[in-house]
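Colleague: Fold the following.
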Amino acid sequence: MKPIFEIKNLHVSVDGKEILKGINLTLERGKVHALMGRNGSGKTTLAYTIMGHPKYVVTQGEILFKGENMVPLKPHERARKKLFLAFQYPVAIPGVSVGNFLRASMKAVRGGEIPIKEFRTLLKEKMKFLGMADTVVGRYVNDGFSGGEKKKLEVLQLALLEPEITVLDETDSGLDIDALTTVAGGINQLRDSNRSMLVITHYQRLLNYIKPDYVHVLMDGKLVQSGGPELALVLEEKGYDWICQTQN
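Modeller: Sure, this is the predicted structure:
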């Protein structure tokens, strides 16, 4: 059986500078993979490249989802294929209500209008599932939101759009312990046998809440080591310099 998602020999440049230098990574269906690395190692570059941000230029390699190469596709086309990126720093959109934003997102991903009654029923169900107040729907997207509220809205999008591949780019950034517990709890509730996740972080802390099946280490644009969840614990104890020593 072919893996659901494969990255093969991926080279990526930004403004003419090579950032990713031959990434090979396979995600298994229903599994959570953690990608760890120092700041500047290329983690966010990989996340944005998976979703097709035009700033990140693929110079070599493939991103295969169910055997289809995603590289030629635009971001909205990848979203329709059931790929999803939760941003490290979600942007505010003043003047656009959360309700309208979510309905438009669902329409874009589904490729057709969603009846208002169906949308409201589904939205209410998912918000209750995530413990979110109904008042959020009328607020402007991320405008005046706390870090925790922004990340909870990302998880709500994840719940509504039901992607098969989810990339979480440093979801723990800017969250206190209470917010992290809530957000991670929502993500864990959405784990199932059909959804694969790539959790990007440089701290073990997040992985105390979202337990990965596999851990990969990215350094200087290359994947240098992979293992089970115990690898993250070793990194927490010994630091990334330990990885450098093992490579020499």
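Colleague: what's around the closest residue to Asp15 other than its chain neighbours, how many residues?
Modeller: Spatial nearest neighbour of Asp15, chain neighbours left out: Lys55 (7.9 Å); criterion: Cβ to Cβ, 6 or more residues apart in numbering. (C-beta placed from N, C-alpha, C; glycine too.) Residues lying near Lys55 (other Cβ atoms under 10 Å) number 11.
Colleague: Tyr240: what's its closest spatial neighbour, skipping adjacent residues?
Modeller: Arg38 (5.4 Å).
Colleague: What separation do you get for the one you found and Arg78?
Modeller: Going from Arg38 to Arg78 by Cβ to Cβ, to the nearest Å gives 27 Å.
Colleague: got the contact list for Glu28?
Modeller: Residues near Glu28 by Cβ atoms under 8 Å, 6 or more residues apart in numbering: Pro3, Ile4, Ser196, Asp213.
Colleague: Now name the helix or strand holding Pro212.
Modeller: Element membership for Pro212 (DSSP states H and E) is empty, with no helix or strand holding it.
Colleague: if I pick it, what's in contact with it?
Modeller: Here Pro212 is in contact with Val32, His33, Ala34, Val199, Pro229, Ala232 (Cβ under 8 Å, 6+ apart).
Colleague: Count the residues that sit near the closest residue to the second one other than its chain neighbours.
Modeller: Meaning His33. Spatially, and ignoring its direct neighbours in sequence, His33 is nearest to Tyr214 (4.8 Å; Cβ to Cβ, 6+ apart). Number of residues near Tyr214 (other Cβ under 10 Å) recorded here: 19.
Colleague: Give me the phi and psi for Tyr214.
Modeller: When read as degrees, to the nearest 10, the backbone of Tyr214 gives phi -140, psi 150.
Colleague: re the thing from before, wait, the residue nearest to Tyr240 touches Ile243, no?
Modeller: No. Contact criterion Cβ atoms under 8 Å: Arg38 and Ile243 do not qualify, at 9.6 Å.
Colleague: So between the two, which is more surrounded?
Modeller: Using other Cβ under 10 Å, the more surrounded residue of Arg38 and Ile243 is Ile243, with 20 against 16.
Colleague: wait, doesn't Tyr240 sit right on Gly40?
Modeller: No. The criterion here is Cβ under 8 Å, and Tyr240 misses it with Gly40 at 11.4 Å.
Colleague: Those two: who's more crowded?
Modeller: A count of neighbours by other Cβ under 10 Å puts Tyr240 above the other of Tyr240 and Gly40, at 16 against 13.
Colleague: now the helices for this protein?
Modeller: Remark: helices assigned in the chain by DSSP state H are 43-51, 75-80, 98-110, 116-130, 147-161, 177-189, 230-238, 240-247.
Colleague: do you know which of the ones you listed lies nearest Val224?
Modeller: Of all the helices of the chain, the one in closest proximity to Val224, counting by Cβ to Cβ, is helix 240-247 (5.9 Å).
Colleague: Low-confidence bits of the protein, can you list those?
Modeller: For the chain, the stretches with pLDDT under 70 are 1, 244-248.
Colleague: Apply the buried test to the contacts of Glu28 and list what passes.
Modeller: Those of the contacts of Glu28 that meet the buried threshold are Pro3, Ile4, Ser196, by 16 or more other Cβ atoms under 10 Å.
Colleague: related to what we said a few turns ago, need the contact list for the residue nearest to Asp15.
Modeller: Contacts of Lys55 by Cβ under 8 Å, 6+ apart are Val14, Asp15, Tyr48.
Colleague: Now do the shared contacts for Arg38 and Ile243.
Modeller: What both Arg38 and Ile243 touch, as defined by Cβ under 8 Å, 6+ apart, is the set Met219.
Colleague: burial count for Leu20?
Modeller: 27.
Colleague: typo on my end, it should be Leu233
Modeller: 14.
Colleague: With Gln204 instead?
Modeller: Counted with other Cβ under 10 Å, Gln204 comes out at 18.
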